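> Quick one: sequence and predicted model below, then my questions.
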Amino acid sequence: WDQPLAEEDWERAGEYCLNDVDAAEVIFNATYADYKARKILSDLTGLPVNATTQQHAAKWLFGDDPRPQEKFVYTDLATIFPGYKYSFGKSEYMGEDPSEGGLVRHKTGVWENVELDDVVSMHPHAAKALNYFGPYQERFNQLIDARVAVKHHNFELAGTYFNGALTSYLTEDDADDLAYALKIVINIVYGMTSAKFDNKFRHPKNVDNIIAKYGALFMITLKNELEKMDVNWVHIKTDSIKIADCTPEVRQFIFDFGKKYGFDFEHEATYEIMALVNKAVYIAKYGWAEKAKKIGTWEAVGKQYAMPYVFKTLFTKEPIELDDYAITKQATAPIYIDDRFIGKVCQVYASHTGGNMFRVEDEKKDAITGTKGFKWKLFSEMESPEDIDMSYYEHLVVKGLENIDKVGSASDLIPDLPAYYSKNLLPF
C-alpha cells in the first residue's frame, strides 16, 4: 500500500499490522521443529544456522567438493526397463506416458476390501538402486538408514552411522528432532536432483528426472504384471498401490516384485469400502490399520469429503460445531467481499446477509472458486448462527453424494445414510 490512507481506516490498518505480529508468532510456533532441526544440521555440518537447507545438505553429503555432480552416475533407464524412450521432454514406456513426475493411474468406482500397499521412501531408494551419487552414494545410503534407525529409536544402530557423528542427539528428548533434520536433507536432495538448473545434486545429463522416472516405470511394470494375473488394481499414486479384494498371495507377489527393483513395500491399511471419484479424491472406511484406533473410522483424501460439515454429516455422524461452517479461501490476487478488501487468504462462511466474494487482478473481477450464487462474510464477524446460509452446506453434501453415485452407489458406501438423502435424493 503506497497511497494516502483515510483517517477512518487508520484503526483497521492498525488491526492489520497487529495481525501481522500475531501471525509471525503463530508461524514461529508452527515451524519451531524446523528451527530445531536446522540447529542440529548446523552442528553436524559446521555451517551457520541461517545457511540454506541446500547448503547444509551439500556440506553433509559432499564435504568441500565444489563439483560433486561431475562424479555422479547417469543411467539410461532403457537398460533396466526395455522399451523406455525419452524424447523432446516426453517419455513412453509399454505404450504409456509415465509422466515427468509421479505416476497416477485410477479406476473410479465404489470398491470393497481395498488393500493399500506403500513403497518405503521411494525416491531415496530409487537413487540407491541407480547408484546415482557415485562415490557419495554410500554416504547417502547411510543417511536413509540412519533416519529409519533414529525414527524407530534404535539408538545403538543409529550410532554406527557417520562415524558416530549422531551420537550426541541419540536421546529420547532429541531423537524426533534429529529424525526430522535428516528427513529435511533427504527431501531436498531429491528435489534438487530434478531441478532444471545446475546444482550440486543434479547430474548434467539428468534431463528426464531418472530418480522419479525409475519409480514411475517400476509402477507401470508392476501394474502390467498384476493385470496378467487378473488382479484388480484400482489406484496407483506415485509410491502406493491399492488393490481391490487383495489376497495374501497377491500381497506377497507385490512385496517380492518390489525387492527386485530395490523397493520395500509396507501394508499400510485395508479399506472396508472406498469410493474413488477421481484420480485425487476418495473417501474410505478403515477395515484394518496398523494403528488399531483407525479401524472403523473414515479417511477423506482431497478437499471435497474432508470439509467438516460434509465429513460429519455423511460419514462420522458427529455433532456439527460452529467452527465446521468456516471455509478457507485463498487466491494469488486480492480478495474482496463487495468493495471491501479482505486479503489473499480468508476464513469465511456462507451468509444470508453477506456480500459477493471475488478476486481482482488487472482490474478484472472473477468469482472465487465455489462461491458463485452465495453471499459471504468473514467468519470472525459472524454475529449469530442464524445468519448461516445452510443451503450452501447442504449443496456441498448433495454434490458429494452425486459424485459418489456417478461412479458407484452412495447407498452401498453409506448404509446408514440419513433418511432425508436416501429417500429424496438417491439415486441421482
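Yep, it's here. Numbering: from 1, shown residues only.

> can we go C-alpha only for contacts and neighbour counts from here?
Fine.

> What segments of the stretch 251-400 of the chain are helices?
303-306, 308-311, 390-407 (DSSP state H, counting those that start in this stretch).

> tell me which residues in the last one are buried?
By neighbour count with 16 or more other CA atoms under 10 Å, helix 390-407 contains the buried residues 392-393, 396-398, 400-405, 407.

> Which strands or helices does it pack on?
Secondary-structure packing of helix 390-407 (3 or more CA pairs under 8 Å, 6 or more residues apart in numbering; DSSP states H and E): strand 109-119, strand 265-276, helix 303-306, helix 308-311.

> what about the strands in the stretch 151-300 of the chain?
Using DSSP state E, counting those that start in this stretch, the strands found in the stretch 151-300 of the chain span residues 233-237, 240-244, 265-276, 282-289, 298-301.

> Out of the ones you listed, which is closest to Glu8?
strand 298-301 (45.0 Å; CA to CA).

> Please compute how far the closest one lies from its chain's middle.
When distances are taken as CA atoms, centre = their mean, to the nearest Å, strand 298-301 is centred 13 Å away from the chain's centroid.

> what residues does it touch?
Applying CA atoms under 8 Å, 6 or more residues apart in numbering, the set of residues contacting strand 298-301 from outside is 280-286, 306, 311, 315-316.

> And the pLDDT for Met122?
Looking at Met122, its pLDDT stands at 94.

> Look at it and say how many residues are nearby.
Neighbours of Met122 under the rule other CA atoms under 10 Å: 22.

> same check, this time on Asp9
Neighbour count for Asp9, taken as other CA under 10 Å: 10.

> same deal with Ser384?
7.

> List phi and psi for it.
Dihedral pair for Ser384: phi -160, psi 140, per degrees, to the nearest 10.

> same check, this time on Glu15
Main-chain dihedrals, Glu15, degrees, to the nearest 10: phi -60, psi -40.

> where's it relative to Phe62, distance?
Here Glu15 is placed at a distance of 48 Å from Phe62 (CA to CA, to the nearest Å).

> Comparing these two, which shows the higher neighbour count?
Neighbour comparison, Glu15 and Phe62: the larger count goes to Phe62, with 21 against 12 (by other CA under 10 Å).

> Looks like that one contacts Tyr136 (just checking).
Yes. Phe62 lies in contact with Tyr136 (CA atoms under 8 Å); the separation is 6.8 Å.

> related to what we said a few turns ago, save the buried residues of helix 390-407 as CSV, and put in distance to Leu47 too.
Converted to CSV, the buried residues of helix 390-407 look like this (distance: CA to CA, whole Å):
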residue, distance to Leu47
Tyr392, 53
Tyr393, 52
Leu396, 51
Val397, 52
Val398, 55
Gly400, 51
Leu401, 54
Glu402, 55
Asn403, 52
Ile404, 53
Asp405, 56
Val407, 54
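
> Just flag the most distant two among these.
Using CA to CA, the pair of these lying farthest apart is Tyr392 and Val407, separated by 23.5 Å.

> what is the nearest residue to Tyr282 once chain neighbours are set aside paired to in the beta sheet?
Spatial nearest neighbour of Tyr282, excluding adjacent residues (CA to CA, 6 or more residues apart in numbering): Leu276 at 4.4 Å. Going by DSSP bridges, Leu276 is paired in beta bridges with Gly109, Tyr282.

> likewise Arg340?
Beta-bridge pairing of Arg340 under DSSP bridges involves Ile337.

> okay, now it: neighbour count?
When neighbours are counted by other CA under 10 Å, Arg340 registers 10.

> Check the gap between it and Val348 for me.
With distances taken as CA to CA, Arg340 is found 13 Å from Val348.

> for this protein, what are the low-confidence residue spans?
Scanning the chain for pLDDT under 70 picks out the ranges 1, 423-428.

> Mind doing that once more with 80?
Residues of the chain meeting the criterion pLDDT under 80: 1-2, 12, 101-102, 418-428.

> How about the contacts made by the closest residue to Thr270 other than its chain neighbours?
Of all residues not flanking Thr270 in the chain, Glu115 sits nearest, at 4.2 Å (CA to CA, 6+ apart). The contact partners of Glu115, taken as CA under 8 Å, 6+ apart, are 242-246, 267-271.

> at 6 Å instead, please
For Glu115, the contacting residues are 242-243, 270, by CA atoms under 6 Å, 6 or more residues apart in numbering.

> That one and Glu96, how far apart?
Distance from Glu115 to Glu96, by CA to CA: 25 Å.

> try Ala146
37 Å.

> One more: Trp10?
Look at Trp10 and Glu96: by CA to CA, they are 60 Å apart.

> before we move on, what about Lys213?
According to CA to CA, Lys213 and Glu96 sit 13 Å apart.

> So for the two, which residue has more residues nearby?
More crowded of Lys213 and Glu96, by other CA under 10 Å: Lys213, with 22 against 11.

> Number of residues surrounding the closest residue to Leu166 other than its chain neighbours?
Of all residues not flanking Leu166 in the chain, Gly159 sits nearest, at 6.1 Å (CA to CA, 6+ apart). If you count neighbours by other CA under 10 Å, Gly159 ends up with 19.
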